[in-house]
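1. Here is the input, now give the coordinates:
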Amino acid sequence: MRRVVCPGSFDPVTNGHLDIISRASRLYDEVVVMVSINLAKKGLFSVEERVDMIREVTKEYGNVKVDSFRGLTVDYCKSEDIPVIVRGLRAVTDYDYELQIAQMNHRMSGVETLFMATAPDYSFLSSSLMKEVVKWGGDASGLVPELVHQRLIERLKDE
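-> You can find the predicted model right below:
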């Protein structure tokens, strides 16, 4: 079985993330969306909320599993016997950052990294940008799944 992990904080998941997840799901037998736990960062949504939202918006893909992990992505890959990490690239600046991580991951564990260019419609999206837009009353519909959009509005309405 060909398996790949798609790691990230997904706080919250955007349509750009889903673009990468859906395309990876057509290439691999199983895509594990791994929500990274970073205790140094306070997320808008808890890890459990993020996992639940991703499960809900990816349920149409029969081969997507959602999990969470605290630690290095390559350690998760080793523990789950997953040889490949897939990462979306929005711009050249993403590449510079992601290449260093990919090279370190390969050196540490032999895990390969596959870079996928995000669809142009989503190349400007980030979770941080979506939170900022919604916080100030902007419309993020069509840029995040409707479920996520509603939860963003609810969570940010009093901030």
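2. When you work out contacts or count neighbours from here on, use the C-alpha atoms and nothing else.
-> Will do.
3. Show me where the chain has its helices.
-> 15-27, 47-57, 73-80, 92-109, 127-135, 146-156 (DSSP state H).
4. From the contact counts, what lies against the fifth one?
-> Pointing back at helix 127-135 there. If contacts are counted by 3 or more C-alpha pairs under 8 Å, 6 or more residues apart in numbering; DSSP states H and E, helix 127-135 sits against helix 146-156.
5. can you pull the buried residues of the helix it packs on?
-> For helix 146-156, burial by neighbour count (16 or more other C-alpha atoms under 10 Å) applies to 148-149, 152-153.
6. Just give me the closest of these to residue 3.
-> Ranked by distance to residue 3 (C-alpha to C-alpha), the buried residues of helix 146-156 are led by residue 148 at 26.5 Å.
7. Can you check the pLDDT for the closest one?
-> Note on residue 148: pLDDT of 96.
8. quick one: contacts for it?
-> Applying C-alpha atoms under 8 Å, 6 or more residues apart in numbering, we find residue 148 in contact with 12-13, 53.
9. what's the answer for residue 74, then?
-> Counting by C-alpha under 8 Å, 6+ apart, residue 74 touches 105, 108-109, 111.
10. do residue 9 as well
-> Per C-alpha under 8 Å, 6+ apart, neighbours of residue 9: 35-37.
11. and which of those residues is nearest to residue 101?
-> Top of the list for closeness to residue 101, among the contacts of residue 9 and by C-alpha to C-alpha, is residue 36 at 14.8 Å.
12. out of the contacts of residue 148, which is most surrounded?
-> Ranked by the number of neighbours (other C-alpha atoms under 10 Å), the contacts of residue 148 place residue 12 first, at 28 neighbours.
13. Tell me the confidence at the closest residue to that residue other than its chain neighbours?
-> Excluding the flanking residues, the one nearest residue 12 by C-alpha to C-alpha, 6 or more residues apart in numbering is residue 127, at 5.6 Å. We have a pLDDT of 93 for residue 127.
14. cool, and the one 4 residues further on?
-> Residue 131 is assigned 94 on the pLDDT scale.
15. Relative to residue 157, how far out is it?
-> Separation of residue 131 from residue 157 (C-alpha to C-alpha, to the nearest Å): 11 Å.
16. Kindly report the same for residue 108.
-> Taking C-alpha to C-alpha, one finds residue 108 at 43 Å from residue 157.
17. Take the contacts of residue 148 and lay them out in a markdown table including pLDDT and distance to residue 94.
-> Output for these, formatted as a markdown table (pLDDT from 0 to 100; distance: C-alpha to C-alpha, whole Å):
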| residue | pLDDT | distance to residue 94 |
| --- | --- | --- |
| 12 | 96 | 18 |
| 13 | 97 | 17 |
| 53 | 98 | 25 |
